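A.B. asks: need a 3D model of the following:
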Amino acid sequence: MQILNKMILRKTSLCLILWIGIFISLYASDPNRWQQRAEYTMEIDFDVVQNRFEGTQKLVYYNNSPDQLNKVFYHLYFNAFQPGSMMDIRSRSIPDPDRRIWDRISNLKPDEIGYMHVRKLKCNGKKLKFEEVGTILEVTLKEPIKPGEKVIFEMEFDAQVPIQIRRSGRDNAEGIRYSMAQWYPKLCEYDYQGWHSNPYIAREFYGVWGDFDVTIRIDHAYMVAATGYLQNPESIGFGYNEIKGPVNQNGKTSWRFVAENVHDFVWAADPYYTHLTHVRKDGTALHFFYLETPENRDNWQKLPVIIDAALDFINVNYGQYPYQKYSFIQGGDGGMEYPMATLLTGNRSFGSLVGTSIHELMHSWYQMILGTNESLYAWMDEGFANLATAETLNELRKNGVFAGKVSDFPQEGNYSGYYRLVESGQEEPLSTHADHFSLNELYSLASYSKGAVFLKQLEYVVGKVAWEQGMLDYFNTWKFKHPNVNDFIRVMESASGLELDWYKEYFVYTTKSIDYAIGEVKAQGQSTLVYLVRKGQMPMPLDVVVTDTKGKSTTYYIPMEIMRGEKERETTKKNQWKVMNDWPWTHPYYQLKIDLPIDGIQKIEIDPSKRMADIFQLDNTFPKERT
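C.D. replies: Residues are numbered from 1 along each chain as shown. Reported below is the predicted structural model:
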C-alpha cells in the first residue's frame, strides 16, 4: 500500500508540474490569445457482432472567449460514410478521386455504412433542440453561454462503425477489426474567427483543447490501444498481452483511458494484437500494437530502437515532447496522426514503416501539440512534418541507426514536388482551405511539398542559426495555442531581426514564383561586373557564390531593402562573406561588382545550397552549365 501511495503521489506531482507548464505556455506569450476548453467524460458499450455502440458523454465547456454563444455545433464524422453524403459526392465528382474512397461509399450496404445519432442532449440539465445536418449537429441553446461562463452538456448517442474506407472503420485491408478515429460527437472549435463547423469530406481536423476520460466496454477477447494513459491495468492484465481481469456477465471488459490537454481521442481494438513496449531514458513509454505475421515480425521488432533514436534528435531540434506516452497502432488506411498515437498500416517494407512512423510522429509537434487549424493551414502541419521527417531520417542514416544513403540536401524530394506543382500550371495558393482545392494532387503538392519548401527556404532567407532558434521558439511559444501563419512569422522575425511579412504574403497568399538569372558578365579592369536579372514575380535576397581559379569561394550576399536588415553570415570565414547593397524589390536588374578580374573567376552561381526555390536554374551559373 505504501508503494502504491508513493506511485500515486509521484503521478500527482508530475501532473501538477505538467499543468503549471501548460498554464505558462498558454498565457505567458500572449495574454490576449484566449482558448476554449472542453472536458469530456465518455462511456461506450460496444457490440462487436453488430459493429455498433451506445454512448454517454458529459462535456464541461468553458467559454473563454469575449463572445456570447447562442449556438454550439458538434462533428458527427461517421455520417460521412453513407451513400449520397458530401464525402461520397465529392469523391465521385473530383477529377482525381482518392483511390481509397472513389465510389466505395456509394456502394455501402445498410450494415456497412457509418452513422452517429444523438438521442438526447441537455445543457445544465435542460433539454435542447438540435438538428442533424450531415456530419454536423446544430444545437440551439435555451440560454446563451456568456463570456467566462462554464456549462455542462450531457448527451446520449449511438453509432454504427462503417466498413473501413478512410481513416475510421472496421475490418481494414490488413484485417484490423476496429480503427476508431473520429468516433464520437466532437464539439466544433470556436476561436477568434468564429465557429469552425466544416462538414467532413475526408480532409483535415481542428479541435478544442481539453481533457478526456474515456471508458470502453468491449468483448473481453479484444485488446485496446488508445490516446491517453490506461487507468485500470490491473483489470486488463500486465502489459495488456494477457487479459486476466474481471469479465462482466456479458463477456466484456472495461478499458479506461485518461488524457490531459489534447484535442482529440483515438482508439483501436483487435483480438490478435501483439503489443511491444519500449521505455526511453527520459521515461517516455513507446507502445507498438500490430498483427504479427512472419513477413512483418522483424520490421516491427526493430522499430522501437529507431523511434527512440529519432526522438533524441527531434526533442533537441524541434522541441521537447510533453507527454509520457506514444503508441504506434496498426490500423486505418495509410498513416494518420492523433494525440499520443498514430494509426498506420503495418504490412510494409521496413523503410516504409520507419518513414511513415516518423512522419506521423512529427505531427505530434505541428498538429497535436501546436494545434494549428489544419483545415485553413494544412501546410503548417503537413509541410512542417514533411521537412522534419526528411531531416530526422537523414540524421538516423548519418548515425548508422537506419540504413540508406546520407543526403547533402534531404529536402530535394519536397522541392521536386513543388516544382512539379508550378509546372502543372494549376497551382492554388497555400491559403486555400483544405476542402476547396480543385484537385487532390494540388492539395497534396501544396500542403506537403510547398509547405516544406516554405520552411526550408525561410532558412535561406534568415540564416541557419536564426532559423533553428526560431523553430524552437515557435514550438515553445505557441504549443497548446492554435497558432496561425502570422504567429509563426512573428516568431521568425524576432529570432532573425528581419521583416518577413513580404515572404508570407508572396509565398502563402499568391502563386508567384521565383526565377533569377545571371545575365551579362563583363570585365571592368581588375574587377568583374555581373548583371543579375529577376525574371520571376517573387523577389528574394540572393547568395551569389564566386569561386576563383584557386578554388576559394566567396559569398556576395544581396539583401532586399524590405527586409530591413540582413541575415548573419553562413560561412565560417569572415572574409568569405561580403554584404552588398540592398536590392529594391521594384528593380528587375542588379549590378554586382566582384573584386576579381574575369579571368580569375572559375564559377559564379546563385544559391548553390538550392534552398531558394528558383523554378529555372539553368541560367543561375556562369559559365552556363551544359544541359
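A.B. asks: hmm, residue 206 is touching residue 374, no?
C.D. replies: Yes: counting by CB atoms under 8 Å, residue 374 is a contact partner of residue 206 at 6.0 Å. Every C-beta, even on glycine, is put in place using the N, C-alpha and C of the backbone.
A.B. asks: name the element residue 495 belongs to?
C.D. replies: helix 485-496 (DSSP states H and E).
A.B. asks: tell me which residues are up against that helix.
C.D. replies: When contacts are defined by CB atoms under 8 Å, 6 or more residues apart in numbering, helix 485-496 is touched by residues 377, 380, 458, 462-463, 466-467, 469-470, 473-474, 477-478, 499-501, 503-504, 508, 565, 567.
A.B. asks: change it to 7 Å
C.D. replies: Around helix 485-496, the neighbours that count as contacts under CB atoms under 7 Å, 6 or more residues apart in numbering are 377, 380, 458, 462-463, 466, 469-470, 473-474, 477-478, 499-501, 504, 508, 567.
A.B. asks: check which helix or strand covers residue 387.
C.D. replies: Here residue 387 sits within helix 378-398, counting by DSSP H and E.
A.B. asks: in the helix holding residue 495, what counts as buried?
C.D. replies: For helix 485-496, a neighbour-count test (16 or more other CB atoms under 10 Å) marks 485, 487, 488, 489, 490, 491, 492, 493, 495, 496 as buried.
A.B. asks: send the alpha carbons of it over as CSV?
C.D. replies: Taking C-alpha atoms only, helix 485-496 is exported to CSV below (Å, rounded to 0.1, in the frame of the first residue of the first chain):
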residue,chain,number,x,y,z
VAL,A,485,0.9,31.7,-40.1
ASN,A,486,1.3,35.3,-38.8
ASP,A,487,2.2,33.9,-35.4
PHE,A,488,4.9,31.8,-36.9
ILE,A,489,6.3,34.7,-39.0
ARG,A,490,6.4,37.0,-36.0
VAL,A,491,8.5,34.4,-34.1
MET,A,492,10.9,34.2,-37.0
GLU,A,493,11.1,38.0,-37.2
SER,A,494,12.0,38.1,-33.5
ALA,A,495,14.7,35.3,-34.0
SER,A,496,16.2,36.9,-37.0
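A.B. asks: now that helix: mean pLDDT?
C.D. replies: Per-residue confidence for helix 485-496 averages out to 98 on the pLDDT scale.
A.B. asks: list the buried residues of the helix or strand just after it.
C.D. replies: Downstream of helix 485-496, the first helix or strand assigned by DSSP H and E is helix 501-509. Neighbour-count burial for helix 501-509 flags 502, 503, 504, 506, 507, 508 (criterion: 16+ other CB under 10 Å).
A.B. asks: closest one of those residues to residue 166?
C.D. replies: residue 508 (27.5 Å; CB to CB).
A.B. asks: and the gap between that closest one and residue 448?
C.D. replies: Here the criterion is CB to CB, to the nearest Å. By it, residue 508 lies 15 Å from residue 448.
A.B. asks: same question for residue 398.
C.D. replies: When distance is defined by CB to CB, residue 398 is 24 Å away from residue 448.
A.B. asks: comparing those two, which residue is more hemmed in?
C.D. replies: Comparing residue 398 with residue 448 by other CB atoms under 10 Å, the one with more neighbours is residue 448, at 23 against 12.
A.B. asks: distance of the more buried one from residue 382?
C.D. replies: When CB to CB is the yardstick, residue 448 and residue 382 sit 5 Å from each other.
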